[in-house]
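# this one's structure only:
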C-alpha cells in the first residue's frame, strides 16, 4: 500500500512540475493567447558560417523559451543601451536573439536554453555557475566557499559528485573537458567575453561532440568584435564582501576585414572562510579575418588561479561536536591549497566550397598545470598538520584538430543539412605525487590518450512544419598508463601512507553514440518534440589512478560508462508568453562512482535518472518581464544492495523565479532572482540512512543604471542570509557523523564602469 502511495506521489510531482511555472505566470496566460502570434516559417536549414557557433546551431538566432527579455535591448525601442552593457558590449554581441522565426534552433528534439549577453549583464548572480543554475534542473555543488564560483560544479540531470565528468563544456563549439577529473572551472572565463550560453540537456550532444555529454552540453560562445565600430572599450571595477576586489577591461578594434578583441578580469578575495582566499586572473584574445567566402580566426586564452581549500566543518552528535554552529567559518585544514595555470590557442577557418557547402577546419593546443597540497585535518587542536600529507604536481597538454563539412541543399525538394566531420584529440598527462613539495615523489603517473572519431548528423524538413534529425558517432580511444613507484621516497619511508605500484595498462576501445529527434509544429503557437539517444563516458585519468583500494596495487582499469535516453515535450510561443516543458528517462550501465571510505573508483550496477523540466517567461510590458522554472529530478540505483535508493547529492525538486523591471529609462533597473532546492542525500550515503543536506533557497537582488558612458550596479546576494551548504560527506564508520562545506550568507557587491 505504501509503495502505491509513493508511486502516486511521484507521478503527481512529475506532472505538477510541468505546471508550476504556468501557475506562477498565470496572471497573463490568457492575455498572451490573445496577442497576435507570429507566423512560424517553414523549416530552413542554414550553414554555420560563423566559426564561433556551435555545430548544432544554424546561422540565425532565435528567442529560447527561457529567454529573459531585457526591455532596453530591442533596437526598435530607441532607448539607450541596457544598464551595465555599454557600447563595447553592444559592439561585440551579435545576433543575441530575435523574437521571430522558429521556436528552436538547436539539436532537433532536445530541451534547450539560451542565455544572452544582456541577461548575463543584468543578472544579480555574481558567478557564471549561478546564472546557469537558473535553468530548470541545473544544480550546483561547491566545496570551496563559493568565492567567484571557483571550482563550483554544474550538474545537469542529477549526477551529484560526478557532475563535471558527465557535463560537456564547450567554448565556441570546441570541447574544454580534459581527461583528468578537475573538470572545467567556469570562473576562469571572463563574463564580459561571453556572447551567449547555449545549454542542451540530455545526451544527444554526444554525436557531435563525443564523450562526457551524458547529462548535457553547455556551449559558451565568445564575443569576437566582428562588425563593430572601429574602436570600442569598456572598463569596470568593484568591491564587495570579504574584502573582495575585482576589475575587468575589454576592447575591440575593427579595420576592413580584420578585427581583434581582448577581454580580461582579475579578482582577489579573502573568502568567506578561513583559508579560503582567492587570487585569480583571466584573459581571452581574438583575431578575426572576415570576407564573404573565407573566415579565419585565432583565439588565445590564459588563466592563473590560487585558492585555499578550507575543508569541511565536522558534526558528530555522539560527542556533542557541531562546528557548523560553533565555528561555521573556521577550518580544520588551514594549509590545504590548489593552484592552477592554464593557456590555450585555437585557430581555424571556414571556406565556402560551393553554394550551400562549407569546409570548417580548426585545431588547437591546451595546456594546464596544477599544484595542490593536502596536509590533513589538525588533530586535537594542534597547530601542526597531520602526517597524512599529499602533494600533487600535474601537467596536462591536449592537441586537437576537428575538420568538418557542412552541406546545405535540397533532396527531392526537401530542405536538408548534413554536418559530418572528424575529431582527433591527443592528450598527455603526468602527475608527481609525494608527501611534500620538494621531496622525491612516491608515484609518478604517466598517461597518454588519443581519440579519433567520425560523426554524421543529418537534419531534414520533412514538412514545412516538421523537422527530423538523425546522427551517429564512432569513436576509438587508445590509452597507455604507467606508474613509476619509489618505495624509498620520503613519503613512504617516513609516513607509510603510500600504496604499491599500479599495474600498467594499454587499452584500445571503440564506442558509439546515436541520436534521433523530431519536432512538429501543430500551429503558430504550439509544437511537440522528442528524441532518443545513446552516449558514453570514458574514465578520467584520476579515476584510473584511484581504481584500486588503497591497501592493494592499483590497476587503472575501469569500464566505459554508457547511457540510453528518451525525452519528449512541448514548446509554446504565444506573443509575449513562451514556455518549454519535457519529461525524460535515462538508463545507465557501468556508472563510475567513487567510494570515499576506500579511496577508489568502481563501476556501479545499473542506475537510472528520470524527471521533468519546465521553464516559462512572460514579457508583461516593454519595461517588465517575468520568468520561472521548475524541475523534478530522480537519480536512483536500479540493482544491487542499494536498489531503489537515491544517488547522493541530487535534489529531487528545484525551482527558480525572477523579474526584470526597467524602472526609469535604464537610469534605474531592478532585477531579482529566486533559486530553491529540496534536500539531498549526503555523499557516501548510498544506503540513504544518514540525515539529509537540508532544503533551502536564496534571493538575489540587483539595482543598476547607466548614464551616457557610465554605468553602475549594487547587488545583494542571499538577501535573507540563509546559512546553507550544498555538499556534505557522511562518515563511513560513525553513524550520524559528517563533514559539511558551508557557503556564504548575505553578501554585497558594488561596481562602477565606463565605455569609450
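Okay, I see it. Every value quoted in this text rests on a predicted model; they were computed, and no experiment measured them.
# hey, let's count contacts and neighbours off CA atoms from now on
Fine.
# and the average pLDDT for stretch 507-517 is what?
Computed over stretch 507-517, the mean pLDDT rounds to 95.
# what's that stretch in contact with?
107-110, 204, 206-207, 210, 468-480, 529-536 (Cα atoms under 8 Å, 6 or more residues apart in numbering).
# please name the bridge partners of the residue nearest in space to the middle of the chain.
By Cα atoms, centre = their mean, the chain has its centre lying nearest to residue 154, at 4.7 Å. Taking DSSP bridges as the rule, residue 154 bridges to residue 140.
# just give the closest residue to residue 394, not the sequence neighbours.
residue 431 (4.1 Å; Cα to Cα, 6 or more residues apart in numbering).
# got the contact list for the one you found?
392-395, 443-446.
# what score does it have for pLDDT?
pLDDT, residue 431: 92.
# related to what we said a few turns ago, are any of the contacts of stretch 507-517 buried, and which?
Buried subset of the contacts of stretch 507-517 (neighbour count, 16 or more other Cα atoms under 10 Å): 107-110, 204, 206-207, 210, 468-475, 477, 479-480, 529-536.
# and the helices in the stretch 151-300 of the chain?
163-166, 206-209 (DSSP state H, counting those that start in this stretch).
# between the ones you listed, which one is closest to residue 256.
Within the helices of the stretch 151-300 of the chain, the stretch nearest residue 256 is helix 206-209; the backing value is 33.6 Å (Cα to Cα).
# tell me how many other residues crowd the residue nearest to residue 336 when sequence neighbours are not counted.
For residue 336, ignoring the flanking residues on the chain, the nearest one in space by Cα to Cα, 6+ apart is residue 374 at 4.8 Å. Using other Cα atoms under 10 Å, the number of residues around residue 374 comes to 22.
# which residues touch residue 374?
335-337, 389-391.
# recalculate using a threshold of 6 Å.
336, 389-390 (Cα atoms under 6 Å, 6 or more residues apart in numbering).
# now the helices for the protein?
Remark: helices assigned in the chain by DSSP state H are 2-24, 29-34, 86-92, 117-122, 128-132, 163-166, 206-209, 323-326, 490-495, 541-545.
# select from these the stretch with the lowest mean pLDDT.
helix 86-92 (a mean of 30).
# need the pLDDT of residue 294.
Looking at residue 294, the pLDDT reads 95.
# show me what it is bridged to.
Beta-bridge partners of residue 294, as defined by DSSP bridges: residue 351.
# just give me the neighbour total for it.
Count around residue 294 with other Cα under 10 Å applied: 16.
# quick check: it touching residue 351?
Yes. In this structure, residue 294 is within contact of residue 351 by Cα atoms under 6 Å, at 4.8 Å.
# distance between stretch 580-595 and the chain's centre?
Distance of stretch 580-595 from the chain centroid (Cα atoms, centre = their mean, to the nearest Å) equals 16 Å.
# can you list the buried residues in that stretch?
580-592, 594-595.
# mind listing which of those residues are in strands?
580-589, 592, 594-595 (DSSP state E).
# with those residues in mind, which one is nearest to residue 617?
Residue 617 has its nearest neighbour among those in residue 580, at 9.4 Å by Cα to Cα.
# so that closest one sits against residue 571, correct?
Yes. Look at residue 580 against residue 571 with Cα under 6 Å: they come within range, at 4.4 Å.
# residue ranges with poor pLDDT in the stretch 451-600 of the chain?
Counting by pLDDT under 70, the stretch 451-600 of the chain shows low-confidence ranges at 491, 493-498, 542, 545-556, 596-599.
# let's see 90
479, 481-507, 538-559, 590-600 (pLDDT under 90).
# ok, back up a step: which one of the contacts of residue 431 is nearest to residue 217?
residue 395 (25.4 Å).
# find me the pLDDT at residue 723, would you?
For residue 723, pLDDT reads 96.
# ok, it - contacts?
By Cα under 6 Å, 6+ apart, the neighbours of residue 723 are residue 745.
# what's the distance between it and residue 738?
17 Å (Cα to Cα, to the nearest Å).
# how about residue 702?
Note on residue 702: its distance to residue 738, by Cα to Cα, is 36 Å.
# and residue 282, by the same measure?
From residue 282 to residue 738 the distance is 35 Å (Cα to Cα).
# and what of residue 167?
From residue 167 over to residue 738 (counting by Cα to Cα), the distance is 27 Å.
# can you give me the strands in the stretch 251-400 of the chain?
In the stretch 251-400 of the chain, the strands defined using DSSP state E, counting those that start in this stretch lie at 258-269, 278-290, 294-308, 313-316, 321-322, 337-354, 357-374, 390-401.
# switch the contacts of residue 431 over to TSV; also include pLDDT and neighbour count.
Shown next, in TSV, are those (pLDDT from 0 to 100; neighbours: other Cα atoms under 10 Å):
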residue	pLDDT	neighbour count
392	92	20
393	95	18
394	93	20
395	94	17
443	89	24
444	92	21
445	90	21
446	92	17
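# and which of those residues is nearest residue 231?
residue 395 (38.3 Å).
# pretty sure that closest one is touching residue 427, no?
No. If you go by Cα under 6 Å, residue 395 and residue 427 don't touch, sitting 10.5 Å apart.
# low-confidence regions, the stretch 151-300 of the chain specifically.
The low-confidence ranges in the stretch 151-300 of the chain, as defined by pLDDT under 90, are 151, 161-165, 172-185, 211, 223-229.
# coming back round to it: do you know which of the helices of the stretch 151-300 of the chain lies nearest residue 316?
Of the helices of the stretch 151-300 of the chain, nearest to residue 316 by Cα to Cα is helix 163-166, at 27.9 Å.
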